[in-house]
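Enquirer: quick check, what structure comes out for this input:
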Amino acid sequence: MSFVGRAGCLLILCFYIHEPLKADQDQEAGSLQGTVVDPRGKPIPGAHVKLEHKAGKKKLTSTCNEAGEFAFSGLPAGAYTLSASAKGFEEERRTVEAGTPSARPLRIRLGVAEISEEVTVTANLSSSPSAEQNIDAIQIDQNWLRSLPSKDADPLSVPSIFLDPAASGYGGAKLIVDGVEGSALDIPALSIAGVYVNRNPYTAEFAEPGKGRIEVITRRGSRKNYRGNLSLVLRNSALEARNAFAKTKPLLQRAVPELDFYGPLGQKLTFYLAGKYYVNNERAIIHAVTPSGPFVENFKSPDRGAYLLGRFDYRFNPAEKLVLSYGFRNKSTRGQGVGGFNLPERATDSFGRGNDLKLAQLSTLSSSLINELRLAWKSGTERADGLVDTPAIIVLDAFNTGGSQVSRRSRETSADLQDLVSLVKGRHAMRFGGGFRPRFFRVREASNFGGTFTFSNLARLTEGRPFLFKVNEGDPEVSFSQHEFYVFFQDEIRIVPNLSVSLGLRHEVQSNLADRNNFGPRLAFAYSPGGQRTVLRGGIGVFYDRLSWKMRQDSLLYDGARIRQLVVANPGFPMPWDEDARLSITPPSVIRIAPGIRAPYRTQASLSIERQFSHHSNYVKLEYTTIRGVKLYRMRNVNAPLPLTGIRPDPNFVNIDQYESSATSRTHGLTATYQGRVRRRFNLISQYTLSKTVNDTGGSLPANNYDLRGERGRADFDQRHRFNLVGIFDLPFNSTFSCILNLSSGAPFDITTGYDDNLDTVANDRPPGVGRNTGNGSGRANVDTRLAKRFQLEGNKRKLKMEVGIDAFNVFNHVNLKNFVGTLSSPLFGRANASHAARQLQASLRFYF
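Expert: Predicted coordinates for the structure are as follows:
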């Protein structure tokens with residue numbers, strides 16, 4: 001039998017191995033009572049206490065009264081697991097015994113919650129709805145991360161489907177790791193305690209609304225036991241279907257091993273260590289049309305990466321803690337950029353390495369006052385180089401060959417200092433603070449120093465008639481800095497028992513941006529008429545965006561002095577010009593930032609009604625949201641030929657591509673969300689969104705630089721219908737089945753002629769009467785599943801457990817097309833050039849020790 005066959009039989013056998021059921025005899029009834037207190041010994045009203053019999057016979061819950069007291073009665077004798085939790089404090093779990101009518105009262109002391117959990121102290125609002133606790137917040141904890149299908153153990157694959165692109169600023173959704181903003185999740189998946197989307201959407205603490213950010217909380221060490229996990233994820237093309245655009249099934253081998261280990265180092269110090277290494281021998285699919293005919297080929301694009309995370313928590317006393325963490329990443333990708341229209345000569349190798357150091361101090365100054373101080377340092381280098389130096393040849397939406405013309409080096413060094421305070425005073429629960437983020441960049445951008453020829457179609461290539469040639473020359477190095485600063489204040493007020501209001505204000509300032517009047521007010525409310533099961537919520541807020549450091553980089557590099565960018569219309573081929581006269585006859589092209597550029601902002605408002613029903617904490621929410629974007633970024637060629645004369649306003653330059661803050665957007669959306677547990681075995685989150693987003697910014701440049709009305713159209717990400725469902729079903733014999741369902745309508749694409757009709761050196765002109773993004777792609781339907789079994793290995797004192805699982809992605813092998821071609825001169829006009837992955841199978845093995 002082959003290795004694949006043996007492995008398959010082993011996994012199937014593991015699913016049906018189960019432990020014998022055990023039963024405990026009932027004994028006489030008893031009781032438990034006690035008090036939950038904070039680190040200083042003061043009671044915690046509203047704390048939640050859960051009690052579960054070791055044999056699973058009883059599961060009880062209780063809420064502490066104003067004195068922090070709880071009580072359970074009528075308990076069968078035996079061992080129980082008791083857990084106590086409260087917002088802003090760590091959960092405490094212990095084993096207790098019940099067997100007498102009146103046991104000795106317990107005193108449970110809760111430590112202050114982990115600093116990375118962004119602690120907030122709240123007033124006693126247990127009897128009233130909170131404006132900051134929306135039920136449609138998506139919370140993916142460790143159990144969900146382990147149980148859901150996740151390709152290559154990517155912890156963001158599930159939370160990201162609940163983001164709203166319209167709520168994200170320039171550059172996409174923001175990633176917040178332990179309260180510190182980052183550009184990528186460069187940590188092992190095992191080290192993640194939870195992932196959140198749309199938590200407290202109108203808080204002033206963050207620059208983005210709830211659906212425009214992902215918050216990640218990392219794990220910490222245990223103060224009692226040494227524990228660890230070892231996981232292995234495997235994929236192989238032998239178990240996968242062929243992609244619809246591939247002649248043969250591409251070879252694929254991927255392995256992702258991870259390991260973590262944590263525990264105490266003395267009474268006050270804990271540690272957590274985790275590591276991840278992945279090997280990806282994947283192949284890209286080339287689907288192009290050359291003068292010789294269709295070109296379809298699989299191209300190897302190996303990927304390697306290693307991630308490490310170390311964390312130490314030192315508790316000086318019950319009210320003060322220090323956290324030190326260090327992260328390291330090292331990644332390499334070869335053969336990048338090949339696939340679709342790009343032939344193998346376009347391959348690029350890239351490498352990246354980074355270091356992150358974080359220091360945080362959490363101080364509980366009193367039962368109503370907490371201070372959080374965070375300091376982070378980050379350093380990262382990136383490098384990318386094309387494998388071929390020959391000039392690039394681009395035939396629009398047909399094929400691309402020649403060198404990739406990529407040669408890039410970059411280094412970023414940054415720091416992040418934050419000081420946050422949480423304070424409760426009467427009916428007010430306040431949170432305020434500020435942060436400073438200095439960033440330093442050093443860049444060497446020598447891309448396109450070999451030149452690029454662009455042809456409208458295959459016939460023009462055969463005739464040797466490109467419509468454009470571009471090449472860069474000069475000094476490609478530049479160093480610059482960009483600093484960011486913010487302050488905020490937020491106050492949640494309990495007006496009356498069934499009404500709470502949250503008021504906030506955030507102010508942001510950024511260097512390299514003269515705009516200083518960036519005040520973002522935030523308002524949210526929660527009102528419960530006639531009980532706690534129905535809550536009416538609403539909110540409105542102003543969210544400012546930032547000037548991207550890449551815009552600053554372009555304006556410094558391509559200024560006509562440091563790098564001279566030469567653009568020639570209708571050049572010769574293969575020699576674009578007479579070498580002796582090229583400097584005198586070719587003015588440069590430059591990139592600038594508009595003198596009066598402003599910080600873009602979005603005003604978001606929403607109104608919703610949520611309803612809790614049954615005793616299983618099931619919720620339904622219906623929400624209407626509108627978002628208006630103002631002064632959004634776009635690029636425009638302010639030196640394009642004038643429509644009537646064809647003369648450029650400034651003869652000293654060819655193109656003056658200018659970043660401006662002059663675009664707008666508008667979004668309307670209706671969202672229905674259901675979260676809950678069905679019949680005690682099925683946990684699910686489902687969400688349907690009906691939305692429409694229009695804007696006048698998209699792509700690199702407009703079709704007509706002097707009349708932007710034609711740019712008003714559907715946003716590039718606009719999808720009228722979106723439905724997502726995530727569910728976990730508990731099966732007998734310690735097994736689980738989970739699934740993810742994604743349904744969405746098609747996204748738009750632009751329709752262009754493929755020619756430079758207005759002579760602005762960009763072939764994005766549209767046919768008469770055709771606006772931006774009038775084409776519409778096909779919808780998407782995808783189902784991912786996971787079947788897993790967890791069991792305990794007998795005969796070991798450390799209770800070693802193992803879990804085996806099989807994930808299936810696109811289990812029905814539905815063809816989901818993408819990359820629709822809108823260029824009229826292309827032989828593939830109106831057709832898709834690629835598809836999402838076909839059915840893929842993934843095996844996983846995990847040990848708990």
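Enquirer: dig out what the closest residue to residue 555 other than its chain neighbours forms beta bridges with.
Expert: Using CB to CB, 6 or more residues apart in numbering and skipping residues adjacent in sequence, the residue nearest residue 555 is residue 593, 4.8 Å away. For the C-beta atoms, the positions are set from N, CA and C on the backbone; glycine is no exception. For residue 593, the beta-bridge partners under DSSP bridges are residue 659.
Enquirer: does residue 44 touch residue 65 like I think?
Expert: No: assessed by CB atoms under 8 Å, residue 44 is found out of contact with residue 65, at 10.7 Å.
Enquirer: domains of the protein?
Expert: Domain assignment of the chain by automatic domain parsing yields the ranges 30-111, 138-218, 227-848.
Enquirer: the chain: helices as residue ranges?
Expert: For the chain, the helices defined by DSSP state H cover 3-15, 142-147, 458-463, 549-557, 582-585.
Enquirer: ok, of these, where does mean pLDDT dip lowest?
Expert: Lowest mean pLDDT within these: helix 3-15, at a mean of 40.
Enquirer: check residue 387 and give its pLDDT.
Expert: 94.
Enquirer: my read is that it contacts residue 349, right?
Expert: Yes: counting by CB under 8 Å, residue 349 is a contact partner of residue 387 at 6.7 Å.
Enquirer: and the biggest strand by length in the chain, how far from the chain's centre?
Expert: Ranked by number of residues, the top strand in the chain under DSSP state E is strand 293-317. Offset of strand 293-317 from its chain centre (CA atoms, centre = their mean, to the nearest Å): 15 Å.
Enquirer: buried set for it?
Expert: The neighbour-count check on strand 293-317 (16 or more other CB atoms under 10 Å) flags 295, 297-301, 303, 305, 307-309, 311-315 as buried.
Enquirer: what sits against residue 476?
Expert: 407, 444-446, 449, 557, 562-563 (CB atoms under 8 Å, 6 or more residues apart in numbering).
Enquirer: farthest-separated two in the residues you listed?
Expert: The most widely separated members of the contacts of residue 476, counting by CB to CB, are 407 and 562 (15.5 Å).
Enquirer: of these two, who's got more company?
Expert: More neighbours surround residue 407 than the other of residue 407 and residue 562, with 20 against 14 (other CB atoms under 10 Å).
Enquirer: quick check, the more buried one in contact with residue 387.
Expert: No: the pair residue 407 and residue 387 does not pass the contact test of CB under 8 Å, sitting 11.1 Å apart.
Enquirer: in this structure the residue nearest to residue 555 contacts residue 552, no?
Expert: Yes: counting by CB under 8 Å, residue 593 does reach residue 552; the two are 7.3 Å apart.
Enquirer: how much space between the closest residue to residue 216 other than its chain neighbours and residue 552?
Expert: Excluding its sequence neighbours, the residue lying closest to residue 216 (CB to CB, 6+ apart) is residue 177, at 4.7 Å. Taking CB to CB, to the nearest Å as the measure, residue 177 falls 24 Å from residue 552.
Enquirer: which one of these two is surrounded by more residues?
Expert: Between residue 177 and residue 552, residue 177 has the larger neighbour count (other CB under 10 Å), namely 23 against 20.
Enquirer: ok, the more buried one - contacts?
Expert: Contact analysis of residue 177 by CB under 8 Å, 6+ apart lists 185, 187, 216, 218.
Enquirer: and the furthest pair within those residues?
Expert: Using CB to CB, the pair of the contacts of residue 177 lying farthest apart is 185 and 218, separated by 10.3 Å.
Enquirer: so where is the stretch 1-150 of the chain shaky, pLDDT-wise?
Expert: Residue ranges of the stretch 1-150 of the chain with pLDDT under 70: 1-30, 40-41, 54-58, 99-104, 112-128.
Enquirer: again, only this time at 50
Expert: In the predicted model of the stretch 1-150 of the chain, residues 1-28, 101-102, 115-127 satisfy pLDDT under 50.
Enquirer: same question, the chain
Expert: Low-confidence segments of the chain, defined by pLDDT under 50: 1-28, 101-102, 115-127.
Enquirer: and the residue nearest to residue 301 when sequence neighbours are not counted, what does it touch?
Expert: The shortest distance from residue 301 to any non-neighbouring residue, by CB to CB, 6+ apart, is to residue 335 (3.9 Å). The contact partners of residue 335, by CB under 8 Å, 6+ apart, come to 284, 299-302, 344, 347-349.
Enquirer: check residue 514 too.
Expert: Shown in contact with residue 514 (CB under 8 Å, 6+ apart): no residues.
Enquirer: equivalent analysis for residue 160, please.
Expert: Counted by CB under 8 Å, 6+ apart, residue 160 has contacts 173, 197, 214.
Enquirer: against residue 742, how distant is it?
Expert: Per CB to CB, residue 160 is found 11 Å from residue 742.
Enquirer: same question, residue 849
Expert: For residue 849, the distance to residue 742 equals 35 Å [CB to CB].
Enquirer: got it, and residue 212?
Expert: Residue 212 sits 20 Å away from residue 742, going by CB to CB.
Enquirer: and these two? Which one has more around it.
Expert: Set residue 212 next to residue 742 and count neighbours by other CB under 10 Å: residue 212 wins out with 25 against 17.
Enquirer: pull the contacting residues for the residue lying closest to the more buried one once chain neighbours are set aside.
Expert: Leaving out its chain neighbours, the residue that sits closest to residue 212 by CB to CB, 6+ apart is residue 167, at 3.8 Å. Neighbour list for residue 167: 173, 208-212, 602, 604, 627 [criterion: CB under 8 Å, 6+ apart].
Enquirer: buried subset of those residues, written for ChimeraX?
Expert: Buried residues among the contacts of residue 167 (16+ other CB under 10 Å), as a ChimeraX selection:
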select :173,208,209,210,211,212,602,604,627
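Enquirer: wait, which of the contacts of residue 167 is closest to residue 364?
Expert: Closest to residue 364, out of all of those and judged by CB to CB, is residue 210, at 27.4 Å.
Enquirer: skip the chain neighbours and tell me the closest residue to the closest one.
Expert: Closest to residue 210 by CB to CB, 6+ apart is residue 201, at 2.9 Å.
Enquirer: which residues does the one you found contact?
Expert: The contact partners of residue 201, by CB under 8 Å, 6+ apart, come to 134, 209-211, 524, 539, 541, 604, 606.
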